[in-house]
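A.B. asks: pasting the sequence and the predicted model now:
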Protein chains: 2
Amino acid sequence: MDTAVDVLLERWRGYVDEALARHLETVGDREGVRPPQRLLDAMAHSLLAPGKRLRPLLVLAAANAVLDSEARALERALPAALALELVHTYSLIHDDLPALDDDELRRGRTTLHVAFDEATAILAGDALLTDAFAVMATAGATAVHELAQAAGSAGMVGGQLDDLAAEGTTPSIEVLARIHAKKTGRLFEAATVLGGLCAGGNGDELARLRALGRHLGLAFQIADDVLDVTAGAAADKGTGRDARHDKATWVKLLGEQAARARARAEADAAVALAHGFHGAALAALARRSVARTR
Amino acid sequence: MDTAVDVLLERWRGYVDEALARHLETVGDREGVRPPQRLLDAMAHSLLAPGKRLRPLLVLAAANAVLDSEARALERALPAALALELVHTYSLIHDDLPALDDDELRRGRTTLHVAFDEATAILAGDALLTDAFAVMATAGATAVHELAQAAGSAGMVGGQLDDLAAEGTTPSIEVLARIHAKKTGRLFEAATVLGGLCAGGNGDELARLRALGRHLGLAFQIADDVLDVTAGAAADKGTGRDARHDKATWVKLLGEQAARARARAEADAAVALAHGFHGAALAALARRSVARTR
């Protein structure tokens, strides 16, 4: 059953997909020098694979929530939305490398190092990350700083290293929450804050959007853990991606029922924060973060 | 024989080294979260290894050339200088990986994937690159855009991919110049432009600094090729790093004497452009780019 907000979000997803394709068709330097074709092909393999585009949608929904105008939200926040997806895609490419998670499938396609080679995958990830900052620069220095802090050594990359170090161990709930807050949560948080920044939100609005992104990121991560286990079981393998890597998960630490309950509680907190803003898109995305596990 | 400008540049190198160490001691997010210790140790291994710091010195020299004030150049351009060295160091770490050049020594130390492991080296490179943009954001969005364009898919990363693709082939001089302009030259160009930007240089000054950085980068690259061959010969191995990887070099394409002459011509062009500015530091660095080969 498609509600009006589902139709809206689907339209935005189309705009994001168009922006991603247009980015690869136009990316180049100030003198019109284009990237090597092989690099463009490699970036396209990962970037244009079908995705939920949850992070860019969050950017747009947060901008719309502040501005109460779809047209102005798209006009102001689409570059930031694009930059978020570039960063997310780079992180998937590097995460999947043989030296890290060594995965062969991603978004229904072979991973980039399998489809091309390891050197190309490393460089394509580097290129997507760097180009994201060229795109984000159009939204101003504060936006660049927010993205770099979320994705850098104290954020996403730090969380990835913690996550690798924790393999084969049983961390406490607090430690797992901290790892996930950095590895996944900080980019969700950056998405809502950047949408608010592009919309010219005030300090109070940005603080509420930050809290919303944090709750939503945690809800998404826990729901992802639940889905990983149930999908693994459904596929009659008994284990999903995380179990294969012997990663600590919310399901392992809390049990499936308590993990579902915690994901719902985090999503409810995000939905409650969304009600302080305009429009229904932000609340719908908060609900969607756990919808797959219901 | 130390001239006054050598003393000046050595003092600036000290400031850059201090800034690098201080960066690692203080890097963290807005809530005071620090990177994991292992990530800090890995970044320190590569970042604090002894280096010429040529790119950060160029940033400072370009700022000083516009401002004619050492104190104000340092105050305004030190963050950009730091960001350039973070980006340069990330590029060395990823370039040395087994899937790329597979090198074991760098700056007198074992390469990062040898000293730690491959996953940590990939992530430490990612972290240095990302953190560079958090630092560069303090210099404004135009500076971020300049750095991202220089280092991204149409710049340095594109050049690295071209360089790998050209291994075992004999490109024309024009193609080799284009590969090197992207792989090495664009970051030198960004260094001089960013110094000028931080100093508030006008459009004409920035254009001359860009041309200067381009000539200087090419001089440096050709001199590096010459040094690679002569150092390899001196070490009685007969081959240097580039020959080991079967990379096309200026020496292979032009012969050693013509390569030396071309490097000197590019350095002379850079020195001539430097004379339009204040101070002697920029010209000294242009001369230094080929000094090792004389």
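C.D. replies: Thanks, I have the structure now.

A.B. asks: so which residues of the stretch 1-150 of chain A form strands?
C.D. replies: A:105-106, A:109-110 (DSSP state E, counting those that start in this stretch).

A.B. asks: of all those, which lies closest to B:L84?
C.D. replies: Nearest of those to B:L84, taken as CB to CB: strand A:105-106 at 33.1 Å. Where you see a C-beta, it was placed from the backbone N, CA and C, and this is true even at glycine.

A.B. asks: that closest one pairs with which strands, parallel or anti?
C.D. replies: strand A:109-110 (antiparallel) (DSSP bridges).

A.B. asks: and the strands of the stretch 1-150 of chain A as TSV, adding mean pLDDT and distance to B:F220?
C.D. replies: As requested, those are exported to TSV (pLDDT from 0 to 100; distance: least, CB to CB, whole Å):
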stretch	mean pLDDT	distance to B:F220
strand A:105-106	92	39
strand A:109-110	94	40
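
A.B. asks: among these, which is nearest B:L47?
C.D. replies: Here strand A:105-106 is closest among these (CB to CB), at 31.1 Å.

A.B. asks: next one: that closest one to chain centre, how far?
C.D. replies: 16 Å (CA atoms, centre = their mean, to the nearest Å).

A.B. asks: now do the contacts for A:A165.
C.D. replies: Going by CB atoms under 8 Å, 6 or more residues apart in numbering or on different chains, A:A165 touches B:36, B:38.

A.B. asks: ditto for the one 3 residues further on
C.D. replies: With contact set as CB under 8 Å, 6+ apart, A:G168 has these partners: A:D246.

A.B. asks: okay, and it sits in which element?
C.D. replies: Counting by DSSP states H and E, no helix or strand carries A:G168.

A.B. asks: how close does it sit to A:V157?
C.D. replies: 21 Å (CB to CB, to the nearest Å).

A.B. asks: do A:D126 as well
C.D. replies: 13 Å.

A.B. asks: give me the common contacts of the two.
C.D. replies: Shared contacts of A:D126 and A:V157 (CB under 8 Å, 6+ apart): B:D126.

A.B. asks: burial measure for A:L58, as a count.
C.D. replies: 31 (other CB atoms under 10 Å in any protein chain shown).

A.B. asks: OK, contacts around it?
C.D. replies: Counted by CB under 8 Å, 6+ apart, A:L58 has contacts A:84, A:188, A:191-192, A:195, A:213, A:216, A:282, A:285.

A.B. asks: I'd like the strands of the stretch 1-150 of chain A written out as JSON lines, with mean neighbour count added.
C.D. replies: Listed next are the strands of the stretch 1-150 of chain A as JSON lines, based on neighbours: other CB atoms under 10 Å in any protein chain shown:
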{"stretch": "strand A:105-106", "mean neighbour count": "16"}
{"stretch": "strand A:109-110", "mean neighbour count": "15"}
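
A.B. asks: do I have it right that A:A181 meets A:L216?
C.D. replies: No - A:A181 is beyond contact range of A:L216, at 12.0 Å (criterion: CB atoms under 8 Å).

A.B. asks: who in the stretch 151-294 of chain A is up against chain B?
C.D. replies: Selection of the stretch 151-294 of chain A residues close to chain B by CB under 8 Å from any CB of the partner chain yields A:151-155, A:157-158, A:160-162, A:164-165, A:182, A:186.

A.B. asks: how about a cut-off of 6 Å?
C.D. replies: A:151-154, A:157-158, A:160-162, A:164 (CB under 6 Å from any CB of the partner chain).

A.B. asks: residue closest to the middle of chain A?
C.D. replies: Centre of chain A computed as the mean C-alpha position; nearest residue by CA atoms, centre = their mean is A:R55, 4.4 Å away.

A.B. asks: what's the separation between it and chain B?
C.D. replies: 16 Å (CB to the nearest CB, to the nearest Å).

A.B. asks: go on, A:V114?
C.D. replies: 13 Å.

A.B. asks: same deal with A:A62?
C.D. replies: 18 Å.

A.B. asks: any idea which helix or strand carries the nearest residue to that residue once chain neighbours are set aside?
C.D. replies: What sits nearest to A:A62 in space, not counting adjacent residues and going by CB to CB, 6 or more residues apart in numbering or on different chains, is A:G195, at 2.7 Å. A:G195 is located in helix A:186-198, with elements delineated by DSSP H and E.

A.B. asks: name the spans of the stretch 151-294 of chain A whose pLDDT lies under the cut-off.
C.D. replies: A:232-241, A:243, A:293-294 (pLDDT under 70).

A.B. asks: would you map the strands across it?
C.D. replies: Counting by DSSP E, counting those that start in this stretch, the stretch 151-294 of chain A contains no strands.

A.B. asks: neighbour-wise, which of A:A181 and A:L216 wins?
C.D. replies: More crowded of A:A181 and A:L216, by other CB under 10 Å: A:L216, with 31 against 19.

A.B. asks: would you agree that one is in contact with A:A270?
C.D. replies: Yes - at 4.2 Å, A:L216 counts as touching A:A270 under the criterion of CB atoms under 6 Å.

A.B. asks: what is in contact with the two at once?
C.D. replies: A:A286 (CB atoms under 6 Å, 6 or more residues apart in numbering or on different chains).

A.B. asks: quick one, longest helix in chain A?
C.D. replies: Across chain A, the longest stretch assigned as helix under DSSP state H is helix A:203-234.

A.B. asks: helices or strands up against it?
C.D. replies: helix A:186-198, helix A:250-254, helix A:256-274, helix A:281-291 (3 or more CB pairs under 6 Å, 6 or more residues apart in numbering or on different chains; DSSP states H and E).

A.B. asks: could you dump the longest one to CSV, C-alpha only?
C.D. replies: Going back to what we said before, that points to helix A:256-274. Extracted in CSV, the C-alpha atoms of helix A:256-274 (Å, rounded to 0.1, in the frame of the first residue of the first chain):
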residue,chain,number,x,y,z
GLU,A,256,16.4,-11.8,19.0
GLN,A,257,13.3,-10.6,20.9
ALA,A,258,15.1,-8.0,23.0
ALA,A,259,17.1,-6.8,20.0
ARG,A,260,13.8,-6.2,18.0
ALA,A,261,12.4,-4.4,21.0
ARG,A,262,15.5,-2.2,21.3
ALA,A,263,15.4,-1.4,17.6
ARG,A,264,11.7,-0.4,17.9
ALA,A,265,12.5,1.8,20.9
GLU,A,266,15.3,3.7,19.0
ALA,A,267,13.0,4.1,16.0
ASP,A,268,10.2,5.4,18.2
ALA,A,269,12.6,8.0,19.7
ALA,A,270,13.6,9.1,16.2
VAL,A,271,9.9,9.3,15.1
ALA,A,272,9.1,11.4,18.2
LEU,A,273,11.9,13.9,17.3
ALA,A,274,10.7,14.0,13.7
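
A.B. asks: packing partners of that helix?
C.D. replies: So helix A:256-274, by 3+ CB pairs under 6 Å, 6+ apart, packs with helix A:203-234, helix A:281-291.

A.B. asks: possible to save the ones you listed as CSV with distance to B:E18?
C.D. replies: Formatted as CSV, the helices and strands packed on helix A:256-274 follow (distance: least, CB to CB, whole Å):
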stretch, distance to B:E18
helix A:203-234, 33
helix A:281-291, 45
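
A.B. asks: winner for burial among these?
C.D. replies: helix A:281-291 (a mean of 23; mean count of other CB atoms under 10 Å in any protein chain shown).

A.B. asks: ok, residues contacting that helix?
C.D. replies: Residues contacting helix A:281-291 (CB under 6 Å, 6+ apart): A:5, A:58, A:61, A:64-65, A:216, A:219-220, A:223, A:263-264, A:267, A:270-271, A:274.

A.B. asks: stretch A:13-23 too?
C.D. replies: A:47, A:53, A:56, A:78, A:81-82.

A.B. asks: in PyMOL, select just the buried ones from these.
C.D. replies: Command for PyMOL that selects the buried part of the contacts of stretch A:13-23, burial taken from 16 or more other CB atoms under 10 Å in any protein chain shown:
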select buried, chain A and resi 47+53+56+78+81+82
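
A.B. asks: which residues touch stretch A:148-161?
C.D. replies: Contact partners of stretch A:148-161, identified using CB under 6 Å, 6+ apart, comprise A:87, A:179, A:182-183, A:186-187, A:190, B:27-29, B:33, B:35-36, B:39, B:123, B:126-127, B:130-131, B:133-134.
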